[in-house]
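Novice: have a look at this fold, sequence not included:
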Ligand SMILES: Cc1cc2nc3c(=O)[nH]c(=O)nc-3n(C[C@H](O)[C@H](O)[C@H](O)COP(=O)(O)OP(=O)(O)OC[C@H]3O[C@@H](n4cnc5c(N)ncnc54)[C@H](O)[C@@H]3O)c2cc1C
């Protein structure tokens, strides 16, 4: 009798992907709901957080996103866009924060940033996405973000704080300059309060600014520094889990850098804001 060959890791991954797709198809699809904007918080000159009270709150995992649809003049139907959840699902998943950066010439984001006010109704649907982290994933965790790509990571960090976790976590965060760092005050405070959290800034348009360790776009040596510093404290690179989120070019670069640094492909997760 011949023993069937063990599935290759590629086959194994394909099987797991098919199983997770089948499981997702079996789940009830979230429906559109009309929710209320409770508060609008100005985060940076071009970014606001919309604090949204859901009427139907199925819960969510840190890192997931909601779709928002919004009427746009000259368009027959509202236009839909995805926005990551920045808040923690704990203690209350019925109020979600979405943080929107205004894109010049964009159809939806300028409206959400400039025209939405507390008390407005807004149509949302979610949660969606597999770009998630909870303590069951382990760590140390390296989170690589540019601009609004920090939003899902803020949900993960806030969740870890609420749950009292202490998984070593480094956020490598690229912003134009100090004024454009989303969640700057809270990140600074959390970093001072929690030894497990480190925030490393890079500023792309503020040469020499002392608030940042680097002054250029995220690149391979920068990612390699973070991997080396996380592993220098005794953990094996195999345990590391890497996430990258933001503009597609940055995410592609960060993903390649993480793999180059020796992270296991199964422990590299990406979300592209395209
Ligand atoms: C899973 C996911 C999560 C996301 N989370 C967030 C988040 O938390 N925060 C956030 O701010 N964003 C997030 N995004 C991005 C968001 O969904 C939108 O893509 C973003 O807000 C831009 O939408 P918009 O309608 O304003 O711009 P769009 O109308 O889509 O335009 C985007 C850009 O393309 C340009 N453009 C449009 N049409 C043309 C054309 N014909 N020729 C040349 N240029 C053109 C516009 O000038 C603009 O600069 C996320 C995306 C994904 C996929």
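Specialist: Right, received. Where do you want to start? All figures in this text were calculated on a predicted structure; none of them were measured in a lab.
Novice: rest of the way, CA atoms for contacts and neighbours
Specialist: Noted.
Novice: is it true that residue 146 touches residue 249?
Specialist: No - contact status for residue 146 versus residue 249: not in contact, 10.5 Å apart, counting by C-alpha atoms under 8 Å.
Novice: out of the two, which sits in the busier spot?
Specialist: Regarding residue 146 and residue 249, a neighbour count based on other C-alpha atoms under 10 Å identifies residue 146 as having more, with 25 against 12.
Novice: which non-adjacent residue is nearest that one?
Specialist: Counting by C-alpha to C-alpha, 6 or more residues apart in numbering, residue 146 lies nearest to residue 174, which is 4.5 Å off, once chain neighbours are set aside.
Novice: who touches residue 95 in this structure?
Specialist: Residue 95 makes contact with 51, 52, 53, 54 under the criterion C-alpha atoms under 8 Å, 6 or more residues apart in numbering.
Novice: same check, this time on residue 243
Specialist: Neighbour list for residue 243: 141, 142, 143, 144, 268, 269, 270 [criterion: C-alpha under 8 Å, 6+ apart].
Novice: which pLDDT does the model give the third one?
Specialist: The per-residue pLDDT reported for residue 143 equals 98.
Novice: what of residue 17?
Specialist: 68.
Novice: with the one 5 residues further on instead?
Specialist: At residue 22, the pLDDT value in this model is 70.
Novice: count of residues packed around it?
Specialist: Residue 22 has 11 neighbours, counted by other C-alpha under 10 Å.
Novice: what does residue 186 give?
Specialist: Residues near residue 186, counting by other C-alpha under 10 Å: 12.
Novice: again with residue 274
Specialist: Summarising burial for residue 274: neighbours were counted as other C-alpha under 10 Å, giving 8.
Novice: again with residue 147
Specialist: 18.
Novice: state the distance from the closest residue to it other than its chain neighbours to residue 211.
Specialist: What sits nearest to residue 147 in space, not counting adjacent residues and going by C-alpha to C-alpha, 6+ apart, is residue 175, at 5.5 Å. Computed as C-alpha to C-alpha, to the nearest Å, the residue 175 to residue 211 distance reads 11 Å.
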